[in-house]
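Engineer: Got a sequence here, can you model it:
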Amino acid sequence: MTNTISERFQILKKRRQCALIPFITAGDPDLETTAKALQILDRNGADFIELGIPYSDPLADGPVNQAAATRALQKGTRLEEVLELVKNVSPSLQAPISLYTYYNPILYRGIKPFFEQIASVGVKGLVIPDLPMDEATEVLELAAATGIEVTLLIAPTSSQERIVAIAKKSQGFIYLVSVTGVTGMRSQVQTRVKDLLKQIHDVTDKPIGIGFGISDAKQARQIRDWGADAVIVGSAFVKRLAMGGEEGLQGIEQLCRELKDAISVELSAIE
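Structural biologist: Numbering: from 1, shown residues only. Prediction:
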């Protein structure tokens, strides 16, 4: 049985390992490829996998992920199909699966039925990038009742008061956004993230994952060296997988290995 998000982080902490969390969009280029991609990522170093549910108005996503969501929707990808895929694939995976979805689709189905449905197919976590803080309490309570851990996001512009509130409420781990703006590949990671990371570690012992803007092994290692418990990489995987066929699958396999190798370097070797 696959560990929960929290359990997996506890195992990694004992091993002094930084987690790798790849993100891909379900249904891009098609659901068959998505199923293969989940298995490839699981075999090549992914400690968790974030699976994006295609949405028509993905405000937090950059051009690469927006385009992937659009293509998936044009192919007719629907939540029910994605959950059926997870149900079939997740028993063979060691990496827990978290869904990445906007709030409207959850409200449309009803918060409690939504959590019951995703829990029944083996989903372990959830990221809702546009979840209003004033509505988070109800969501977190219903999630906990079904065994789903909802990870909340901290932005670089967050006040100390807000950081403390989010750190207290977030389940599984805390998602620190490395840039102001949308997701996407960047040439460098803002150094303010290093200070924010320390600031959050000072108020909580929960694991902290950093995402948005991380695209290569050098950046991943830098994030790890700063003290992050997880590195989250999205657009770089989505872009490679969009090539389609074996080329796309080989592309994400190579990237996954490179990233995992980069964050698995022993501290003594870096110092």
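Engineer: Please verify my assumption that residue 65 contacts residue 233.
Structural biologist: No: checked against C-beta atoms under 8 Å, the pair residue 65 and residue 233 is beyond contact range at 11.7 Å. The way it works is simple: take the backbone N, C-alpha and C, and place the C-beta from them, glycine included.
Engineer: anything in contact with each of those two?
Structural biologist: residue 23 (C-beta atoms under 8 Å, 6 or more residues apart in numbering).
Engineer: For stretch 25-34, buried residues please.
Structural biologist: 25-31, 33-34 (16 or more other C-beta atoms under 10 Å).
Engineer: Tell me the one among those nearest to residue 83.
Structural biologist: Using C-beta to C-beta, residue 26 is the member of the buried residues of stretch 25-34 that lies nearest residue 83, at 9.4 Å.
Engineer: Look up how far residue 238 lies from that closest one.
Structural biologist: Counting by C-beta to C-beta, to the nearest Å, the separation of residue 26 from residue 238 is 11 Å.
Engineer: ok, back up a step: let's see which of the buried residues of stretch 25-34 end up in strands.
Structural biologist: The strands, defined by DSSP state E, take in residue 25 from these.
Engineer: Please identify which of the buried residues of stretch 25-34 is nearest to residue 117.
Structural biologist: residue 26 (14.9 Å).
Engineer: Hmm, that closest one is touching residue 49, no?
Structural biologist: No: the pair residue 26 and residue 49 does not pass the contact test of C-beta under 8 Å, sitting 10.9 Å apart.
Engineer: Where does pLDDT dip in the stretch 1-150 of the chain?
Structural biologist: 1 (pLDDT under 70).
Engineer: Tell me where it has helices.
Structural biologist: 5-14, 31-43, 63-74, 79-89, 103-109, 111-120, 136-146 (DSSP state H, counting those that start in this stretch).
Engineer: Select, out of those, the one closest to residue 248.
Structural biologist: helix 31-43 (6.8 Å).
Engineer: And that closest one, what does it pack against?
Structural biologist: Here helix 31-43 touches strand 19-25, strand 49-52, helix 79-89, helix 235-241, helix 245-263, going by 3 or more C-beta pairs under 8 Å, 6 or more residues apart in numbering; DSSP states H and E.
Engineer: about what we covered before: in a markdown table: the helices of the stretch 1-150 of the chain, plus distance to residue 247.
Structural biologist: Shown next, in a markdown table, are these (distance: least, C-beta to C-beta, whole Å):
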| stretch | distance to residue 247 |
| --- | --- |
| helix 5-14 | 31 |
| helix 31-43 | 11 |
| helix 63-74 | 16 |
| helix 79-89 | 21 |
| helix 103-109 | 31 |
| helix 111-120 | 31 |
| helix 136-146 | 38 |
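Engineer: All set, thanks.
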